[in-house]
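Trainee: model the structure of this input:
(chains A and B)
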Amino acid sequence: MDDAADHGPRTLLDKIWDRHRILAREDGQDLLFIDRHFIHDVTAPAFEILRARGLKPHAPARTFGTADHYVPTHSRDMSAVNHPERRTMIEALTRDAGEAGIEMFGLGDPRQGIVHVVGPEQGLSLPGMTIVCADSHTSTHGAFGALAFGIGATEVGHVLATQSLWQRKPQWMRVLIEGRLPEGVTAKDVVLALIANIGVAGAAGHAIEYAGSTIAALSMEGRLTICNMTIEAGGRAGVIAPDETTFAYLQGRPHAPQGADWKRAVAQWRGLHSDPGAVFSREVVLDASAIAPMVTWGTTPEDASPIDGRVPDPAAAATAERREAMGRALAYMGLSPGTALEEVAIDRVFIGSCTNGRIEDLRAAAAVVQGRKVAEGVEAWVVPGSGLVRAQAEAEGLDKVFVRAGFEWRFAGCSMCLSTNGDTVAPGERCASTSNRNFVGRQGPGARTHLMSPAMAAAAAVTGRLSDVRRLMAKG
Amino acid sequence: MERFDRLEAVALPIAQVNCDTDQIIPARYLQKPRSDNFGNYLFADSRLGRDGTPSPELPFNQPAYALAKIVVAERNFGCGSSREHAVWALYDYGMRAVIAPSFGDIFASNSLKNGLLPIVLPEDVVTGLIAGLLAYPGASVTVDLPAQTVTLPDGTGHAFTVDPFAKHCLVNGIDELGYTLGLAGEIAAFERSYGS
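Mentor: Sure thing, here's the model as predicted:
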């Protein structure tokens, strides 16, 4: 039972956790009830686990599916999936969801898209929920004040069969971001600056609560971007307490509560915040006014610098281990220490992904592209995060801005973020990308990824090199 | 799940911090059926040089490590994607334990559910062990799960901690799902009180 009188000040995590605890095991793990389970076209192995044991999904009404990893982005036709294994993955999702009675947004459905774009859009991700998916970027949905985290295939099988999961409560870390973001600085720059600050394992073993005036001023899209990349700091979940921005985003969404239920829900959601005096195991404070547009130069998201900086010199690294890692990263990236980041020429541009494939992202990119042309020799793509994002962008005429400038305007999917569908960056090519990981080989073997915001990627597209978007904005 | 008791085996060093799951198994292999031997895809890109032939300097391509069942890696091993395929690739290749100063949270959780034991040892111990394994390729390490100790080639012993329930499952070769299915009554009672 949820008896607040017995507790001292509680964190948002405490509140969500206690509400979902079915039982506690003596080793310190709790069996948590799972409100929402998203599945996609990499979930087939989990259904195999179920079939092998003669089990069926326990709560199909709490489960929703969409095809995102293997769908083509140049066509909406299944016949365009000419790779038999990829085809099998999409067909397996359709069959598994169909057999279990799980609602599914497939290739022909206008609501299809990247699972972390579709869930919020449909009002399926709500404050106070426990949300899981076989995808590490499930942390995205924490932007609504939900406890949302990625799980493996065996855990997906466990959730399908029992609608529950054994978990040890993570440590609770608060990231406090205060102040006004300077012109040209976005949520993506904030989260890259945070990861550069605390490192890719900086939040390991923790869930992060983001708070402060900067977070409060962000749109839902910006908050989703920040929570999305929590996993890149090693934190499995990132959470933002719900507020008026959250409620305004959710009201009227297809799966959000309606009418009297909506009023009741909002009243309950207003209690979803960390109480004054609640204890955090760690706190990090960032000054928003000191953040500049960021770009990565290496092969982990912590290898990020302000765009007006230079490629760092491994010789100046604090430790031998860091020196060695930086040296290896620069060799892979084909960069020399001391080079001005703005001098680095690019071959490809990818605007999309679960990090930055939402309408606000496309608006920001289009504002930079407007009246300009993609630089010669650069191949630039926009891949909307969902069919509905694409439709909204077309209603606003953004597609025309991109196409006139020389961008390819594609269909929704994970696409070139991890290239599972065949959308790859060629070996040695350099890509300005709004995705979340610049790992070795992430966008294809030998591909060189620079992470940045949509406005920065648009700036790179029109100049042909990594560029400070603030300069282009001043001209406009 | 295969039982894990005591293991004495060749240990293979991976001298790299933040080794992510995209490197352990590149995303283009996620479309393979589980019936495949995922060991064939383990470190698929780094095991081969630019020209497609095996890079001889990598421990994975050296005969001394051919029978390795233990990986020794640096900090934050298995960070990144939640793909369980990373664990399957290591397991199918023959690995049964990974020793590192720290792990990606999801990778460690996935490992325990597949018979691959993640062992956290202090950073200085792991750094010394990697240097020793590189100097003496083919050296063996002993992992005793019931006793929760690791014995290094130099004979030193180190205790490690492991989640008691995960240990119980590994030592007895059982999985968590069977245990939870036995709690169906408790789950149903929770669902009745929880509402929609």
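
Trainee: CA only for contacts and neighbour counts going forward, please
Mentor: Noted.

Trainee: residues from chain A in reach of chain B?
Mentor: Applying Cα under 8 Å from any Cα of the partner chain, one finds that chain A approaches chain B through A:22-23, A:27, A:42, A:45, A:85-86, A:89, A:134-137, A:150-155, A:158, A:161-162, A:200-201, A:204-205, A:231-232, A:234, A:236, A:321, A:325, A:418-420, A:439-442, A:445.

Trainee: check whether the longest helix seen in chain B contacts chain A.
Mentor: As assigned by DSSP state H, the longest helix anywhere in chain B is helix B:123-135. No: no part of helix B:123-135 sits close enough to chain A to count as contact by Cα under 8 Å from any Cα; the gap is at least 10.3 Å.

Trainee: helices and strands around that helix, which ones?
Mentor: strand B:6-14, strand B:70-73, strand B:97-100 (3 or more Cα pairs under 8 Å, 6 or more residues apart in numbering or on different chains; DSSP states H and E).

Trainee: quick one: the ones you listed as CSV, columns for mean neighbour count, mean pLDDT and distance to A:Thr449 too.
Mentor: Formatted as CSV, the helices and strands packed on helix B:123-135 follow (neighbours: other Cα atoms under 10 Å in any protein chain shown; pLDDT from 0 to 100; distance: least, Cα to Cα, whole Å):
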stretch, mean neighbour count, mean pLDDT, distance to A:Thr449
strand B:6-14, 22, 98, 23
strand B:70-73, 24, 98, 25
strand B:97-100, 24, 98, 27
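
Trainee: make TSV out of those strands and add distance to chain A.
Mentor: Shown next, in TSV, are the helices and strands packed on helix B:123-135 (distance: least, Cα to the nearest Cα, whole Å):
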stretch	distance to chain A
strand B:6-14	13
strand B:70-73	13
strand B:97-100	13
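
Trainee: where does chain B come near chain A, residue by residue?
Mentor: B:16-18, B:20, B:22-23, B:26-28, B:30-34, B:45, B:76, B:79-84, B:104-106, B:110, B:113, B:163-165, B:177, B:180-181, B:184, B:186-187, B:190.

Trainee: which residues of chain B fall in strands?
Mentor: Here chain B has its strands, by DSSP state E, at B:6-14, B:70-73, B:97-100, B:117-120, B:140-144, B:149-151, B:157-159.

Trainee: swap in the stretch 101-250 of chain A?
Mentor: A:103-105, A:130-133, A:147-150, A:164-167, A:171-178, A:206-211, A:237-239 (DSSP state E, counting those that start in this stretch).

Trainee: how is chain A partitioned into domains?
Mentor: A:8-168, A:296-475 (automatic domain parsing).

Trainee: tell me which of the residues of chain A next to chain B fall in helices.
Mentor: Per DSSP H, helices hold the following members of the residues of chain A next to chain B: A:45, A:85-86, A:89, A:153-155, A:158, A:161-162, A:321, A:325.

Trainee: would you format the residues you listed as a markdown table with pLDDT included?
Mentor: Shown next, in a markdown table, are those (pLDDT from 0 to 100):
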| residue | pLDDT |
| --- | --- |
| A:Pro45 | 93 |
| A:Glu85 | 96 |
| A:Arg86 | 96 |
| A:Met89 | 96 |
| A:Ala153 | 96 |
| A:Thr154 | 97 |
| A:Glu155 | 97 |
| A:His158 | 98 |
| A:Ala161 | 98 |
| A:Thr162 | 98 |
| A:Glu321 | 88 |
| A:Ala325 | 94 |
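
Trainee: which of those residues sits closest to A:Leu398?
Mentor: Lowest distance from A:Leu398 to those (Cα to Cα) belongs to A:Arg86, with 30.7 Å.

Trainee: my guess is the closest one meets B:Ala27, correct?
Mentor: No: between A:Arg86 and B:Ala27 there is no contact under Cα atoms under 8 Å: 12.0 Å.

Trainee: which of the ones in helices among the residues of chain A next to chain B count as buried?
Mentor: Buried subset of those (neighbour count, 16 or more other Cα atoms under 10 Å in any protein chain shown): A:45, A:85-86, A:89, A:153-155, A:158, A:161-162, A:325.

Trainee: where does the stretch 251-400 of chain A have low pLDDT?
Mentor: Within the stretch 251-400 of chain A, no range satisfies pLDDT under 70.

Trainee: just the strands in it please.
Mentor: According to DSSP E, counting those that start in this stretch, the strands that the stretch 251-400 of chain A contains are A:282-287, A:294-296, A:304-306, A:348-351, A:379-382.

Trainee: so A:Asn356 is in contact with A:Ala455, correct?
Mentor: No: taking Cα under 8 Å as the definition, A:Asn356 is not a contact partner of A:Ala455, at 10.3 Å.

Trainee: ok, residues contacting the worst-scoring helix or strand of chain B on mean pLDDT?
Mentor: For chain B, using mean pLDDT, DSSP states H and E, the weakest element among its helices and strands is helix B:44-47, scoring a mean of 88. The contact list for helix B:44-47 (Cα atoms under 8 Å, 6 or more residues apart in numbering or on different chains) reads A:441, A:445, B:23-26, B:54-55, B:58, B:60-61.

Trainee: would you turn these into a markdown table with neighbour count and pLDDT?
Mentor: Shown next, in a markdown table, are the contacts of helix B:44-47 (neighbours: other Cα atoms under 10 Å in any protein chain shown; pLDDT from 0 to 100):
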| residue | neighbour count | pLDDT |
| --- | --- | --- |
| A:Gly441 | 24 | 95 |
| A:Pro445 | 19 | 94 |
| B:Gln23 | 20 | 95 |
| B:Ile24 | 21 | 97 |
| B:Ile25 | 27 | 97 |
| B:Pro26 | 27 | 96 |
| B:Pro54 | 17 | 80 |
| B:Ser55 | 16 | 80 |
| B:Leu58 | 14 | 87 |
| B:Phe60 | 20 | 91 |
| B:Asn61 | 14 | 91 |
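
Trainee: between these, which is closest to A:Arg253?
Mentor: B:Pro26 (36.5 Å).

Trainee: just checking, the closest one touches A:Gln443?
Mentor: No: applying Cα under 8 Å, one finds B:Pro26 not in contact with A:Gln443, separated by 9.7 Å.

Trainee: re the thing from before, can you add distance to B:Asp154 and give the contacts of helix B:44-47 back as JSON lines?
Mentor: Below are these laid out as JSON lines (distance: Cα to Cα, whole Å):
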{"residue": "A:Gly441", "distance to B:Asp154": "37"}
{"residue": "A:Pro445", "distance to B:Asp154": "39"}
{"residue": "B:Gln23", "distance to B:Asp154": "30"}
{"residue": "B:Ile24", "distance to B:Asp154": "29"}
{"residue": "B:Ile25", "distance to B:Asp154": "32"}
{"residue": "B:Pro26", "distance to B:Asp154": "35"}
{"residue": "B:Pro54", "distance to B:Asp154": "31"}
{"residue": "B:Ser55", "distance to B:Asp154": "29"}
{"residue": "B:Leu58", "distance to B:Asp154": "23"}
{"residue": "B:Phe60", "distance to B:Asp154": "23"}
{"residue": "B:Asn61", "distance to B:Asp154": "25"}
